[in-house]
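A.B. asks: 3D, please:
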Amino acid sequence: MKKVFMIHGFEGKPNGGWRPWLMGELNKKDIYACALPMPSPEAPIKEEWIQTIKNAVEKPTKEIFLVGHSLGSPAILRYLESLDKSQKIGGAILVSGPAFEIKKDGYELVDKFLNTPFNFEKIKNVCNHFAVVHGDNDMNVPFSNAEYLAEKLSCGLISIPNGGHLSGWEGCTQLPQLLESLEKMF
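C.D. replies: Numbers count the residues shown, from 1 in each chain. So this is what the prediction gives:
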């Protein structure tokens, strides 16, 4: 059975933005979908977020798909780095995810997810498919982060015109391009 786990971002909530819509669309297709409540979203700790994903996924299989928004994206990449080379998931979609430290006051804990380079070789060996989705005018995470991730992951980059940070507080409550990307991975 296909399972999709969604990981929200810094100061986010599992039921915010486009996540309820995506869960509803996946449920219509009899695909299990769950938005994980990440611990301490206002003061995220990398190891706790990785463990939360591990606990939800339990056993990585090709039927598991991960979707991260903002800080949820590097959390997914760090989770993938933690897998044994014999483990593999079906796919990951990174939405508005940072690839580099933000280096702004208030983002010190976020930067701890990003202050060491990602092991993209290992990440690509434990995940079958990737996609990157990013607003072309994101003021929180520059578009260059999305270009870098798409290049390093050898995957498609979906640019959302005037999408901003693709967050609920900006009015993004549906993201059909994300659903289409998931369906291609299935």
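A.B. asks: residues in contact with the helix or strand of the chain with the lowest mean pLDDT: which ones?
C.D. replies: Lowest on mean pLDDT, DSSP states H and E among the helices and strands of the chain sits helix 108-111, with a mean of 93. Outside helix 108-111, the residues that touch it by C-beta atoms under 8 Å, 6 or more residues apart in numbering are F10, A43, P44, I45, L71, P98, E101, I102, K103. (C-beta placed from N, C-alpha, C; glycine too.)
A.B. asks: what do you get if the cut-off is 6 Å, keeping everything else the same?
C.D. replies: With contact meaning C-beta atoms under 6 Å, 6 or more residues apart in numbering, helix 108-111 is reached by F10, A43, P44, L71, E101, I102.
A.B. asks: farthest pair in those residues?
C.D. replies: A43 and E101 (17.1 Å; C-beta to C-beta).
A.B. asks: which helix or strand contains the most centrally placed residue in the chain?
C.D. replies: The residue lying closest to the centre of the chain (C-alpha atoms, centre = their mean) is G68, at 1.7 Å. Element membership for G68 (DSSP states H and E) is strand 64-69.
A.B. asks: direction included, what does that strand pair up with?
C.D. replies: Paired with strand 64-69 in the same sheet, following DSSP bridges, are strand 3-7 (parallel), strand 89-95 (parallel).
A.B. asks: so how far is the first residue of stretch 32-51 from its last?
C.D. replies: 20 Å (C-alpha to C-alpha, to the nearest Å).
A.B. asks: show residues contacting that stretch.
C.D. replies: By C-beta under 6 Å, 6+ apart, stretch 32-51 touches 3-7, 11-12, 14, 19, 23, 26, 52, 56, 75, 78-79, 82, 109, 112-113.
A.B. asks: on that earlier part again, next structured bit after the least confident helix or strand of the chain?
C.D. replies: Assigned by DSSP H and E, the successor of helix 108-111 is helix 120-125.
A.B. asks: can you list the buried residues in that next one?
C.D. replies: Burial within helix 120-125, assessed by neighbour count using 16 or more other C-beta atoms under 10 Å, is assigned to F120, I123.
A.B. asks: so can I have JSON lines of the contacts of helix 108-111 showing neighbour count, secondary structure and pLDDT?
C.D. replies: Shown next, in JSON lines, are the contacts of helix 108-111 (neighbours: other C-beta atoms under 10 Å; DSSP: H, G, I helix; E, B strand; the rest coil; pLDDT from 0 to 100):
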{"residue": "F10", "neighbour count": "22", "secondary structure": "coil", "pLDDT": "96"}
{"residue": "A43", "neighbour count": "11", "secondary structure": "coil", "pLDDT": "96"}
{"residue": "P44", "neighbour count": "21", "secondary structure": "coil", "pLDDT": "97"}
{"residue": "L71", "neighbour count": "29", "secondary structure": "coil", "pLDDT": "98"}
{"residue": "E101", "neighbour count": "14", "secondary structure": "coil", "pLDDT": "94"}
{"residue": "I102", "neighbour count": "18", "secondary structure": "coil", "pLDDT": "89"}
